[in-house]
Every structure is written in structure tokens, then in C-alpha cells.
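>>> no letters, just coordinates:
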């Protein structure tokens with residue numbers, strides 16, 4: 001498969017680039033932050049995403065969507081990252097949509113996602129770092145289940161209409177089997193939601209399930225077989241986060257290169273300094289390698305290839321490292337002013353840090369690859 005976009009994907013990229021730059025530029029994020037917005041994103045903008053058809057990219061035509069793939073979803077995510085646009089697109093239109101595919105819940109939740117009215121949140125993580133262990137308990141209670149435990153780092157969890165919750169229905173937290181996914185409504189009784197600001201000023205929530213009762217219809221897929229839909233969710237989320245990071249890194253690199261062409265020191269453009277040229281060239285090379293890794297992972301996911309899992313981990317790890325280099329070089333080449341709100345480059349650094357941790361950082365995925373290789 002060629003590692004470049006075809007004509008249709010290029011047209012989508014151009015459309016998404018113009019739309020996001022016009023309706024959700026960095027100034028949009030700044031305003032939400034400065035206003036201490038309690039939602040964390042614009043619901044009106046979310047509906048505009050739906051009007052553009054973006055929310056239906058991964059939803060099949062039989063459900064009213066576009067029936068496209070992860071390459072196309074990544075095109076939109078990259079522009080979201082480039083503009084630091086606060087949006088539920090990654091969690092809702094990518095990860096949640098993939099988790100619900102082929103289940104009865106698709107018919108219930110897809111129409112709201114397509115209309116830009118439904119927001120989904122992913123209650124997956126339980127500790128300080130992303131891990132595969134699932135400890136939150138789901139015990140049989142009447143005709144359904146009772147959920148007990150905690151989740152954290154749930155992006156938009158305080159305003160989500162749908163919570164996709166990974167719970168333990170059998171075995172111990174580290175067991176591969178015995179995991180079940182549940183679709184929990186936002187108004188569930190005995191559920192405590194505590195929103196918190198992250199480093200990039202976005203909002204995530206801590207969730208405490210104190211005996212939350214759900215009926216059997218809340219199960220996504222089959223009981224004790226939640227690793228299937230959870231795997232789809234994580235593969236989509238990790239690849240999507242990598243694509244959004246590409247946008248963050250690309251946006252930071254573009255700002256830095258422009259700054260090198262404009263900033264003078266002792267009457268000379270700093271972009272003429274050979275040392276900075278070498279660093280800029282190195283950064284460009286690292287970003288292009290990461291871009292290729294992300295596109296390869298997207299293509300393998302769309303093809304249903306068995307090698308997709310490894311490619312996803314490679315993409316997430318490489319993009320995390322390349323974009324970290326991009327934002328760090330950006331801040332340093334801007335000088336001390338790069339850490340102030342006067343320039344946007346500092347916001348790129350903060351957003352990159354959050355995305356790098358989401359769905360597992362570079363160390364997590366390096367470990368996954370090593371384990372898969374038998375080490």
C-alpha cells in the first residue's frame with residue numbers, strides 16, 4: 001500500500017483543513033480556556049462537524065454514515081491537532097463508534113453521533129498510567145449488573161451522554177478474559193463524576209461507581225468477551241491519538257520554521273544559523289517517519305490485517321517521540337517567550353503531553369511490542 005493519500009482523501013484533507021482553521025483555530029481554544037468553560041468544547045461546533053459529515057466517517061452506510069476508514073478519520077484528527085481544537089471527535093466518532101460496531105448499541109447511539117447531539121466518553125483507565133488491567137467489578141444483580149469501582153482520565157466524562165465502561169465480570173484484574181464492556185447512561189444513580197482540568201486546559205473526569213445498577217441490555221457485545229470491542233476501541237483510539245498528535249507536531253513545527261524566518265539576532269535572521277537549520281531538518285525527518293508509521297497503521301486497520309496491532313503500537317510510540325521533539329524544539333527556538341501565553345507554541349507543548357499519555361505512552365507501547373516478540 002502506498003504511503004500517501006489518494007485523490008479523495010486529499011480532497012477530504014483540504015476540506016477539513018479549511019473548515020477547522022476557520023471555525024476552531026487556536027483562538028477558539030484560548031477563549032474556552034480563558035472563559036473557564038465548564039463543558040470543555042463547543043456543542044455548536046460539534047453539530048457543525050456533523051453537518052460536514054465528519055462524525056459519520058467510520059459509521060457504515062447502512063446506519064447513515066459515510067462508511068470510510070481510519071485513514072479518513074485521521075485526516076480530520078490531524079487538522080484538529082494542528083489547530084488545538086477542543087472536540088469530542090476522537091472519543092466519540094472514532095473510538096466509541098468502533099466499540100459499538102456490530103452490536104445492538106449501534107442502532108441506539110449512532111443516530112445521535114451522526115447528528116452531533118451525542119457525546120461519548122471512555123471509562124477505561126484506573127491508575128496513574130494507561131494499563132491493560134481492568135479492576136472495576138461488575139457483579140450479577142437481578143436481571144443486570146452492579147458496577148463498583150473507579151475510573152479516571154475520562155475525557156468529557158462530566159458531560160457525556162454515553163459512558164463506555166470496561167468492567168471485570170470474572171477473574172482477577174490482570175486476566176485477559178473476564179472483561180465486559182457496558183454502555184452506561186450519564187444519569188445513572190450512584191455514579192459520582194468529578195471533572196478536573198488537565199495540563200492543556202481540557203477537562204477529564206474521575207468516575208466513582210458506588211453500586212451502579214445497569215440492566216443486561218447495557219452489555220456491549222457478550223459477557224466476559226469484552227476484550228473484542230475493547231480492542232477495537234483501543235486500536236482506533238491509539239491510532240486516532242497518533243494522528244491528532246501529528247497535527248500538533250506539524251503545527252508546532254510550522255510555527256517554529258516561520259519564527260526562524262522572521263526572528264533576527266544581531267541583525268541576522270536566526271534561520272540562517274547552520275546549527276538551527278540542522279535541528280529543523282532533523283525534526284522534519286522525524287515527523288515524516290512518524291507520519292508514515294501512522295498512515296501504515298491506519299491502512300492495516302482498514303484492511304483488517306493481523307499486523308495492525310503491532311503497527312498501531314509503533315505509530316503511537318513513534319509519534320509520541322517525534323512530536324515531543326517538535327514541541328520541545330519549538331519552545332527552545334522561540335526562547336523564553338515560548339513559555340508565555342503571548343505565543344501559541346506553549347499550548348502545543350501541553351496538548352502534546354496529554355495526547356502522548358492517552359491510550360499509552362511510548363514506553364507502554366515499546367513494552368507491548370517487546371512482549372509480543374517474546375521478550
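Perfect, thanks for sending it. What you see is a predicted model; the values in this text were computed from it and never measured.
>>> assign residue 125 to helix, strand or coil.
What DSSP: H, G, I helix; E, B strand; the rest coil gives for residue 125 is coil.
>>> residue 139 too?
Under three-state DSSP, residue 139 falls in the strand class.
>>> what count of nearby residues applies to it?
12 (other CB atoms under 10 Å). (C-beta placed from N, C-alpha, C; glycine too.)
>>> domain parsing of the protein, as residue ranges.
Split into domains by automatic domain parsing, the chain comes to 7-119, 122-224, 228-372.
>>> closest one to residue 1 among these?
Closest approach to residue 1 among the domains of the chain (CB to CB): domain 228-372, 4.8 Å.
>>> compute the first-to-last residue distance for that closest one.
End-to-end distance for domain 228-372, by CA to CA, to the nearest Å: 18 Å.
>>> quick revisit: export the domains of the chain as CSV, with columns for distance to residue 1 and mean pLDDT.
Below are the domains of the chain laid out as CSV (distance: least, CB to CB, whole Å; pLDDT from 0 to 100):
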stretch, distance to residue 1, mean pLDDT
domain 7-119, 10, 97
domain 122-224, 29, 96
domain 228-372, 5, 94
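>>> where along the stretch 201-350 of the chain do the helices fall?
Here the stretch 201-350 of the chain has its helices, by DSSP state H, counting those that start in this stretch, at 227-262, 274-303, 308-334, 345-357.
>>> how far away from the center of its chain is the longest one?
I take that to be helix 227-262. 8 Å (CA atoms, centre = their mean, to the nearest Å).
>>> now the helices of the stretch 201-350 of the chain as a markdown table including distance to residue 118 and mean neighbour count?
Below are those laid out as a markdown table (distance: least, CB to CB, whole Å; neighbours: other CB atoms under 10 Å):
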| stretch | distance to residue 118 | mean neighbour count |
| --- | --- | --- |
| helix 227-262 | 16 | 23 |
| helix 274-303 | 23 | 18 |
| helix 308-334 | 26 | 24 |
| helix 345-357 | 23 | 23 |
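>>> want to throw those helices into a markdown table with distance to residue 137?
Below are the helices of the stretch 201-350 of the chain laid out as a markdown table (distance: least, CB to CB, whole Å):
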| stretch | distance to residue 137 |
| --- | --- |
| helix 227-262 | 16 |
| helix 274-303 | 31 |
| helix 308-334 | 27 |
| helix 345-357 | 26 |
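>>> nearest to residue 19, of those helices?
Closest approach to residue 19 among these (CB to CB): helix 227-262, 13.7 Å.
>>> just checking, what packs against that closest one?
Packing contacts for helix 227-262, counted by 3 or more CB pairs under 8 Å, 6 or more residues apart in numbering; DSSP states H and E, involve helix 70-82, helix 97-100, strand 179-185, strand 268-269, helix 274-303, helix 308-334, helix 345-357.
>>> for the ones you listed, give me a markdown table that also has distance to residue 152.
Below are these laid out as a markdown table (distance: least, CB to CB, whole Å):
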| stretch | distance to residue 152 |
| --- | --- |
| helix 70-82 | 23 |
| helix 97-100 | 19 |
| strand 179-185 | 15 |
| strand 268-269 | 47 |
| helix 274-303 | 26 |
| helix 308-334 | 20 |
| helix 345-357 | 12 |
